[in-house]
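J.: Compute the structure for the input listed below.
(one chain, ligands or ions: 2)
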Amino acid sequence: MFVITSKEMKELEKRTITDFDISEEILMERAGISVVQAIWNEYGEFSNKSFVIICGSGNNGGDGYVVARDLLNYTEAVRVISVGHPTTEVAKKNYERYLKHGGIVYTYSELGLEGASKIISEADIVVDALFGTGLNREINDEELTKLIEVMNLYSKCIVSVDIPSGVCADDGKIMGCAVQADLTVTFGLPKVGHFLFPGRELCGKLKIAKIGIPSLDMLTCDINKELITTEKLRLPNRPRWSNKGTYSQVIIIGGSNKYIGAPVLSALSALRSGASMVKVVSVSKVCQCAMSHDPALICVNIGEDFNVEKLEDFIATVSKDVVFVVGPGWDTQNSEEKLSIIKKLLLTSNTLIIDADGLNVLSQNIDLLREKNSSKSVILTPHPGEFSRLTKKSLEKVKQNYELVHEFSKEYGVITVLKDATSIVSDGKKIYFNITGNTSLSKAGSGDILSGLLAGLISQHLEPVEAVKTGVYVFGLAGEMVPVEGMNSAFSILNYIPEAFKRLRESK
Ligand SMILES: NC(=O)C1=CN([C@@H]2O[C@H](COP(=O)(O)OP(=O)(O)OC[C@H]3O[C@@H](n4cnc5c(N)ncnc54)[C@H](O)[C@@H]3O)[C@@H](O)[C@H]2O)[C@@H](O)CC1
Ligand SMILES: [K+]
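T.: Ligands and ions are numbered 1, 2, ... in the order given. Prediction:
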């Protein structure tokens, strides 16, 4: 599903009006009616319910007046609190139509905070039509801030029109203060702010209503952002006649005497996502740990301690179709030598996933990425801390920064997975958001599982970007399957990976 910014929404609206002769009024009418329908579907019939609609002065408020007028068809218990007189033609028209239908409007300036609080606390459902995608600056007006506080404190239930007021549609950030909705009904396509935190949390349940905007193909609009949903995800093809040689090997280079388990988690995860042969190349202790967990793993022991020559010798023997993961549990000691290993791996034609300490080592010389063959696929899987080191930008600047993920991927010719509660993937062309998963994945070791999972999918010949999309989605699903959220070790997520793949297959 495509995801858009407020500017893109305006463009779609403009083209709908000019190229398809669908007026702004029709769009607003359909937007308002779709909110009423969504409320009905979610909370049941209206005869015994009371409503208050908080309308701002723009078109979000205009939608609110349509909602109010339509609700009058079902119940008399409808009130509007207007925060500023409507300023656009179409909002004015709907304000007047609502009055003509006998609608009651209180102005916030006359009511004051106390009066507004009373009306809000008495209503069963508060409809938030203060600001939508037109919010273009911080809310710093004291009276407005207080009103939003009162809505959050005293409402029994809040339904936001388009987006919770105060949330920036382009990045999910709070512009001063914001409404916490129970339900948000947005129009046409979801906005980025619906999927990035805190906006994602403030939306409550999200519904996307069609309001008559033609498809992107018809509008000839190129949108480069998508939400990862099941329909388009690819799964590996495993023909009945296949044998272990049909698929590529996965080789995990990582682990150290300090971090023994991480590469083992990666390796076990690769097996569970379908890899046929998984090798762990590491120090003795890591090999022992790997063997004790699964004798089907193949271990290449490079000795008691990190040994760059042995590792180089091994890499020189590897065939072309192997998938490498480098970094889980590697530690950053001997970083110069480790950087030389990454360089060697970059110069091979093999697909390469760089994770964890592989990323920390790489951040010392990110320009190494430019030396790789342009047709070679390299996948980086940083969490925000690692991405901050890679980009030399502060944590605050890189977190959820989908544009940066896009630019970085384009500049270095890599696929980047910025892991977070909403993960962001880019291949330098498109940007994908993944919203599966929960706090069961916020655990040491879970990143290692993801890198192994991605390698397992690539070993079954999925295109790297497809493998990454499927991988992050399935990984999230596996996290959601933990019986009690958060009360698990990353190790236990391994058990849910096959079941998560099954669920994905069945949902398609
Ligand atoms: N784009 C579309 O295709 C459609 C848009 N519709 C509605 O139109 C909305 C967008 O309408 P608008 O562009 O008029 O914008 P909004 O109604 O979201 O807000 C704009 C108004 O708020 C003021 N404002 C912005 N930031 C403020 C701040 N921090 N403090 C105080 N005032 C502030 C602006 O000066 C302006 O008066 C959408 O969210 C949606 O609800 C719908 O009618 C359906 C179609
Ligand atoms: K709103």
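J.: Please make it C-alpha for all contacts and neighbour counts, starting now.
T.: Fine.
J.: Run the chain-centre distance for the helix or strand of the chain with the lowest mean pLDDT.
T.: Least confident helix or strand of the chain, by mean pLDDT, DSSP states H and E, is helix 216-219 with a mean of 87. Chain-centre distance of helix 216-219: 24 Å, with C-alpha atoms, centre = their mean, to the nearest Å.
J.: Distance from the chain centre to the following helix or strand past it, please.
T.: The helix or strand immediately downstream of helix 216-219 is strand 225-227, counting by DSSP states H and E. Mean-position distance between strand 225-227 and its chain equals 9 Å (C-alpha atoms, centre = their mean).
J.: by contact count, what packs against strand 225-227?
T.: strand 431-434 (3 or more C-alpha pairs under 8 Å, 6 or more residues apart in numbering; DSSP states H and E).
J.: which residues touch whichever helix or strand comes after the strand it packs on?
T.: Next in sequence after strand 431-434, counting helices and strands by DSSP H and E, comes helix 446-459. Contact with helix 446-459 is made by 236, 247-250, 262-263, 265-275, 322-325, 328, 353, 355-356, 381, 464, 467-468, 471-472, 475, 490-491, 493-494, as judged by C-alpha atoms under 8 Å, 6 or more residues apart in numbering.
J.: any idea how the protein splits into domains?
T.: 6-227, 320-507 (automatic domain parsing).
J.: Quick one: end-to-end distance for the shortest one.
T.: This points to domain 320-507. 35 Å (C-alpha to C-alpha, to the nearest Å).
J.: Quick one: name the residues of this protein near ligand 2.
T.: For the chain, the residues found near ligand 2 under the criterion C-alpha under 5 Å from the ion are D128, A129, F131, G132, S160, V161, I163, P164, S165.
J.: Setting aside sequence neighbours, what's the nearest residue to T381?
T.: V417 (4.7 Å; C-alpha to C-alpha, 6 or more residues apart in numbering).
J.: so what's that neighbour up against?
T.: I379, L380, T381, P382, S423, I424, V425, S426, V468.
J.: For the one helix or strand it maps to, which strands pair with it and how are they oriented?
T.: Using DSSP H and E, V417 maps to strand 415-418. Using DSSP bridges, the strands paired with strand 415-418 are strand 378-380 (parallel), strand 423-426 (antiparallel).
J.: Mind checking the pLDDT average for the last one?
T.: Model confidence over strand 423-426 averages 98 on the pLDDT scale.
J.: Next: the shortest one.
T.: Average pLDDT, strand 378-380: 98.
J.: Buried residues of that strand, list them for me.
T.: V378, I379, L380 (16 or more other C-alpha atoms under 10 Å).
J.: would you turn these into CSV with distance to E506?
T.: Shown next, in CSV, are the buried residues of strand 378-380 (distance: C-alpha to C-alpha, whole Å):
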residue, distance to E506
V378, 30
I379, 28
L380, 30
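J.: Please, where are all the helices along the stretch 1-150 of the chain?
T.: With DSSP state H, counting those that start in this stretch as the criterion, the stretch 1-150 of the chain has helices at 6-20, 24-43, 59-71, 89-100, 108-122, 142-154.
J.: just for the stretch 51-200 of the chain, where's the confidence low?
T.: Along the stretch 51-200 of the chain, no part satisfies pLDDT under 70.
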